[in-house]
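Chemist: from the sequence below, what's the structure:
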Amino acid sequence: MSGNLTIVDHPLVQHKLTLMRERATSTAVFRQLLREISQLLAYEVTRDLPLTRVRIDTPLMEMEAPRLAGKKLALVSILRAGNGLLDGVLELIPSARVGFVGLYRDEATLQPVQYYFKVPTELAERRVIVLDPMLATGNSSAAAVTLLKGAGATDIRFLCLLAAPEGVARMAEAHPDVPIITAALDTRLNDKGYILPGLGDAGDRMYGTK
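Modeler: Got it, this is the predicted structure:
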């Protein structure tokens, strides 16, 4: 880990990411791989969740055992591509509360424009995991975190599939208290704000749109 950036270098994560990068990978396979890799990344982003101890009865005896403590997690998807990560993480943490932030990038200015915001209550008492496959310019990600902090969130993690150095720097500048968990730190952005070498537009590849 370097600063607030954690790159998950598990062999299964890296293998699945390579398959996702390939141009020839179909929409159906891409979607399935995204679901699978999101679960693997979720293990890392939840590694330090607080635990409490409770008394339970096993079939053989009573014991004291660990259980998650505090309020249910909040998973916040940055629409639309964040929903691909959301599906996989929810399979792992089905009791999590779910929120959505609708942002689109103005192609001329590369700045985020908000069109939707609906999040769980009591964010100040929850671990909030923000989901977006691509951390490119970082403008939309930083804007989403700003909105969540405005809604009360104080314990935030950002989970993405790919990150560009420019996006990591933007997030570190705007929100140095928010750890970033990703499968890869790619080389740079192109002049249209896409990650290189990247995997193309995650939303288009996941939903079969162009």
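Chemist: show me what the longest helix seen in the chain is packed up against.
Modeler: Longest helix in the chain, counting residues (DSSP state H): helix 27-45. With contacts taken as 3 or more C-beta pairs under 8 Å, 6 or more residues apart in numbering; DSSP states H and E, helix 27-45 sits against helix 11-21, helix 82-92, strand 127-131, strand 155-159, strand 180-182, helix 202-207. In this view, the C-beta of every residue, glycine as well, is placed from N, C-alpha and C.
Chemist: Leu147 is nearest to which of the ones you listed?
Modeler: For these, proximity to Leu147 was assessed by C-beta to C-beta; strand 127-131 is nearest, at 10.1 Å.
Chemist: can you list the helices and strands packed on helix 27-45 in JSON lines and add distance to Glu62?
Modeler: Listed next are those as JSON lines, based on distance: least, C-beta to C-beta, whole Å:
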{"stretch": "helix 11-21", "distance to Glu62": "37"}
{"stretch": "helix 82-92", "distance to Glu62": "28"}
{"stretch": "strand 127-131", "distance to Glu62": "30"}
{"stretch": "strand 155-159", "distance to Glu62": "33"}
{"stretch": "strand 180-182", "distance to Glu62": "37"}
{"stretch": "helix 202-207", "distance to Glu62": "47"}
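Chemist: what's the least confident stretch among the ones you listed?
Modeler: Of all those, the minimum mean pLDDT falls on helix 202-207 (a mean of 87).
Chemist: by contact count, what packs against that helix?
Modeler: Secondary-structure packing of helix 202-207 (3+ C-beta pairs under 8 Å, 6+ apart): helix 27-45, helix 82-92.
Chemist: fine by me, we can end here.
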